[in-house]
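J.: fold the following.
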Amino acid sequence: MRIPISALIGMFFTAAFFLAAIFAPLIAPFGMAEIVGGVWDPASGTHWFGTDAIGRDLLSRMIYGGQTTIFVASAATMLSFTLGSVLGFSAAVAGGWVDQGLSRMVDLVMAIPALILALVILSVLPVTLTVLILVMGLLDATRVFRLARAVAVDITVMDYVEAARLRGEGWAWIIFREILPNALSPLVAELGLRFIFAVLFISTLSFLGLGVQPPLADWGGIVKENSSGLVYGIPAALIPAFAIAVLAISVNMVADWVLSRTTSLKGGRG
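T.: All right, here's what the predicted structure looks like:
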C-alpha cells in the first residue's frame, strides 16, 4: 500500500499534535499558569515563543492549550458521531413516524445557528469541560444525523439488507452488521471535518469568553489573551491561530486519503 506524500505529511503533523497533547506535562518547559518573565518578552533560548500578556511561557501555554483543545474536540466529536450515527441509522431503518419525528426535531435544532444556540445555553449553565463537550457534541450530532440518515436510506434498499430483514434480523443487526460497514466511507471523511469544526468551535467560544475558563489554557483563549499585542506588532496571538490552521490542514489531508481508500460503498455480505 503506497501512501501519498500529502497523507504522510498530514499524519506526521496530526500525530505530533496528539502526542504533544498526551505528554504535555512531560514536554512543557514550564507550568501552565506559571509566571516566568516579563510581559510579552521576545523569543529567546529560555522562552522559544516568548512570553504572553502576563509573563507566562507561551510555548508551555501552547502545549497545555493544545491538550485542552484536542481533548474537548475529540470527546465532542466522538459523542456527536455515536449519537448522530445511531439515530440516523435508526431513523432510516425504522421509517414512518420514527423517521419523521427524529428528522423534524433535528431540523428544528439546525434552524438555529449553532454558535448562537451554544452561547445561549452556556450563558445559563456552569461552563465546565463536561458541559462544553455535551453542548458541542449534541449540537454537532444533528449534522452527523443528516449524513448518516441520507447514506443509510440508500443502503436499506439494497438486496443484502432485504435479505437480513427476511431472515428476521433485528434493528441492531441491520444497523451494525449491514449498514455501518457500508457507510464508513462518507462517515470517516465527515469525521475529520467534524473534528476540525469542533476545534474551531471551542476556540471561538473561548475567544468570546464562554469556552474553556482560566486557569486552563486553550488555543482560542490564548488568542484572546494576547490579541491586544497585535497593535504593537507582537505575534503572540498569531501562534495559536497558526497551530489551529496546521492541525486543520493535516487532519483533512489524512481524511482525504482515507476517503480515497474507501471511495465506493461495498456490496455487503448479501
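
J.: which helix runs longest in this structure?
T.: The helix of greatest length in the chain, counted in residues with DSSP state H as the criterion, is given as helix 58-94.

J.: would you tell me what the next helix or strand after that helix is?
T.: The helix or strand immediately downstream of helix 58-94 is helix 96-110, counting by DSSP states H and E.

J.: quick one, that next one and helix 58-94 angle?
T.: Between the axis of helix 96-110 and that of helix 58-94 there is an angle of 150 degrees, by axes from the mean of the first three to the mean of the last three C-alpha atoms, to 10 degrees.

J.: now do the buried residues in helix 96-110.
T.: By 16 or more other C-beta atoms under 10 Å, the buried positions in helix 96-110 come out as D99, L102, S103, V106. All C-beta spots, glycine's among them, are computed from the backbone N, C-alpha and C.

J.: which two among the residues you listed are spaced furthest apart?
T.: For the buried residues of helix 96-110, with distances taken as C-beta to C-beta, the pair at the greatest spread is D99 and V106 (10.8 Å).

J.: skipping its backbone neighbours, what lies nearest F197 in space?
T.: Closest residue to F197 in three dimensions, ignoring its sequence neighbours and counting by C-beta to C-beta, 6 or more residues apart in numbering: D140, at 6.8 Å.

J.: report all helices and strands that the strand or helix carrying A241 contacts.
T.: Taking DSSP H and E as the definition, one finds A241 inside helix 238-261. Identification of packing neighbours for helix 238-261 by 3 or more C-beta pairs under 8 Å, 6 or more residues apart in numbering; DSSP states H and E yields helix 5-22, helix 58-94, helix 180-207, helix 219-226.

J.: could I get those as a markdown table with distance to I112, mean neighbour count and mean pLDDT?
T.: Formatted as a markdown table, the entries for those read as follows, by distance: least, C-beta to C-beta, whole Å; neighbours: other C-beta atoms under 10 Å; pLDDT from 0 to 100:
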| stretch | distance to I112 | mean neighbour count | mean pLDDT |
| --- | --- | --- | --- |
| helix 5-22 | 31 | 16 | 93 |
| helix 58-94 | 17 | 23 | 92 |
| helix 180-207 | 15 | 21 | 87 |
| helix 219-226 | 22 | 24 | 90 |
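
J.: who wins for proximity to V36 among those?
T.: With respect to V36, and counting by C-beta to C-beta, the nearest of those is helix 58-94 at 8.4 Å.

J.: next one: phi and psi at A28?
T.: A28 has phi and psi values of phi -70, psi 130 when expressed as degrees, to the nearest 10.

J.: no, scratch that, I was asking about I35
T.: Geometry field for I35 lists phi and psi as phi -80, psi 120, criterion degrees, to the nearest 10.

J.: helix, strand or coil for L216?
T.: For L216, the assignment made with DSSP: H, G, I helix; E, B strand; the rest coil gives coil.

J.: let me see the contact set for the residue positioned nearest the centre of the chain.
T.: The central residue of the chain, meaning the one whose C-alpha is nearest the mean C-alpha position (C-alpha atoms, centre = their mean), is F195 at 2.2 Å. Contact analysis of F195 by C-beta atoms under 8 Å, 6 or more residues apart in numbering lists A73, S74, T77, V251.

J.: could I have the CA atoms of stretch 212-223 written out in PDB?
T.: The C-alpha trace of stretch 212-223 is given here as PDB (Å, rounded to 0.1, in the frame of the first residue of the first chain):
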ATOM      1  CA  VAL A 212     -12.500  27.000  28.400                       C
ATOM      2  CA  GLN A 213     -12.200  29.100  31.600                       C
ATOM      3  CA  PRO A 214      -8.900  30.200  33.300                       C
ATOM      4  CA  PRO A 215      -6.600  29.000  34.700                       C
ATOM      5  CA  LEU A 216      -7.000  26.300  32.000                       C
ATOM      6  CA  ALA A 217      -5.500  27.100  28.600                       C
ATOM      7  CA  ASP A 218      -6.800  26.500  25.100                       C
ATOM      8  CA  TRP A 219      -5.800  27.900  21.800                       C
ATOM      9  CA  GLY A 220      -8.800  30.200  21.400                       C
ATOM     10  CA  GLY A 221      -8.300  31.600  24.900                       C
ATOM     11  CA  ILE A 222      -4.600  32.300  24.100                       C
ATOM     12  CA  VAL A 223      -5.600  34.300  21.100                       C
END
